[in-house]
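1. A predicted structure for the sequence below; I have some questions about it.
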Amino acid sequence: MPNNPPDAKLVLSRVSARFTDDKRDVYALKDISFSVPAGAFVSITGPSGAGKSTLMRIILGFMEHESGTVVRNFERPAMVFQNYALFPWLSAIDNVAFGLKMAGVPKEGRERAAREKLKEVGLEHVADHYPSALSGGQRQRVGLARALAISPDLLIMDEPFSNLDTITAEALKADLLKIWRAYGITILMVNHLIPDAIELSDQVIVMGAHPGRIEKMLTVDLPRPRDTRSTPFFTRVDQLTEIIRSVS
Ligand code: ADP
Ligand code: MG
């Protein structure tokens, strides 16, 4: 059951959702309850088909849920996707500035802000490149800069490292942690990499499939910055591995 701290950015209580078509009726999510405290880093993990992406869509209001309640104590959510989802016809800087344009920020202001965000993710030098001329890691960094440009009070990331090679993913993860610390932003991340989840998160939510449900929640109270070679770290990794093994 969710604790219900007054400063929670997000509180879900018994949220259920289903997809119906002529052939079948799928419970995508059943009785999902958890909360995300302001400033926390919360990860969601679980097998493919557990409803993780559906849950993110519901949180963002892109999809209706069937029952239960979603309390959204945030005003400017931003999303980073697995497949980057950049506009191919816009340069890196224009991709980053896009959200600001939608928000009515004048051209000069949004270009300055976009350039600053690109710099923060180490991509100032490719500001004028189009996505097709960027590597996967660079595209994901543009996606992150675009998300940060709107000064989000909740950052939702759906498997942001999945399409990246290990070295690129490690570098992006380190930068993300730096940004999280610097901004005190609240992050909710779907991530199926167990050591990453332990390294990044205050709490890990483990979902199961058919129906999509919460199986376990693990609080990770290791001090930060986390030593990924320490015994307590490995103990947590083992613990989470066991939990995931027992649910799948
Ligand atoms: P995950 O992100 O955990 O892999 P998804 O949220 O993508 O899971 O999907 C959860 C379940 O809902 C799956 O069984 C999937 O087939 C089903 N599903 C997802 N989107 C749709 C849709 N638009 N129509 C019908 N079923 C869907
Ligand atoms: Mg998914």
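-> That came in fine, so what should we check first? Ligands and ions are numbered 1, 2, ... in the order given.
2. mind listing the helices for the chain?
-> Per DSSP state H, the chain carries helices over the ranges 52-59, 92-102, 107-120, 136-149, 166-183, 194-200, 231-247.
3. So which elements touch the last one?
-> Applying 3 or more C-beta pairs under 8 Å, 6 or more residues apart in numbering; DSSP states H and E, one finds that helix 231-247 contacts helix 194-200, strand 203-208, strand 213-219. Every C-beta, even on glycine, is put in place using the N, C-alpha and C of the backbone.
4. please redo it, this time with the cut-off set to 6 Å
-> Packing contacts for helix 231-247, counted by 3 or more C-beta pairs under 6 Å, 6 or more residues apart in numbering; DSSP states H and E, involve helix 194-200, strand 213-219.
5. Pick the most deeply packed of the ones you listed.
-> For the helices and strands packed on helix 231-247, average neighbour numbers computed from mean count of other C-beta atoms under 10 Å are highest in helix 194-200, which has a mean of 21.
6. what about that one, average pLDDT?
-> Helix 194-200 shows an average pLDDT of 96 in the prediction.
7. Could you list everything the spatially most central residue of the chain pairs with in the sheet?
-> Here the mean C-alpha position of the chain is nearest to the C-alpha of Met157 (C-alpha atoms, centre = their mean), at a distance of 2.0 Å. The residues listed as beta-bridge partners of Met157 by DSSP bridges are Val80, Met189.
8. my guess is it meets Met79, correct?
-> No - contact criterion C-beta atoms under 6 Å: Met157 and Met79 do not qualify, at 7.5 Å.
9. how close does the nearest residue in space to Ile32 that is not next to it in sequence get to Val237?
-> Closest residue to Ile32 in three dimensions, ignoring its sequence neighbours and counting by C-beta to C-beta, 6 or more residues apart in numbering: Val15, at 4.4 Å. Taking C-beta to C-beta, to the nearest Å as the criterion, Val15 is separated from Val237 by 29 Å.
10. Specify which residue of these two has the higher count of neighbours.
-> For Val15 against Val237, the residue with the higher neighbour count under other C-beta atoms under 10 Å is Val15, and the figures read 20 against 17.
11. Could you give the number of residues near the spatially closest residue to Lys9 that is not a sequence neighbour?
-> Taking C-beta to C-beta, 6+ apart, and ignoring the residues beside it in sequence, Lys9 has Thr186 as its nearest neighbour in space, at 4.6 Å. Neighbours of Thr186 under the rule other C-beta under 10 Å: 25.
12. Settle this for me: Thr186 is touching Leu154, isn't it.
-> Yes - A contact is recorded between Thr186 and Leu154 when judged using C-beta under 6 Å, the distance being 5.1 Å.
13. Now do the shared contacts for the two.
-> Applying C-beta atoms under 6 Å, 6 or more residues apart in numbering, one finds that Thr186 and Leu154 are jointly contacted by Lys9.
14. Could you list the low-pLDDT ranges of this protein?
-> Confidence mapping of the chain against pLDDT under 70 gives the ranges 1-6.
15. Looking at it, what residue ends up closest to ligand 2?
-> With C-beta to the ion, the shortest gap between the chain and ligand 2 falls at Ser53, namely 3.2 Å.
16. quick one: contacts for the nearest residue to that residue once chain neighbours are set aside?
-> Closest residue to Ser53 in three dimensions, ignoring its sequence neighbours and counting by C-beta to C-beta, 6+ apart: Asp158, at 5.6 Å. Under the criterion of C-beta under 6 Å, 6+ apart, the neighbours of Asp158 are 53, 56, 81-82, 190.
17. Great, nothing more from me.
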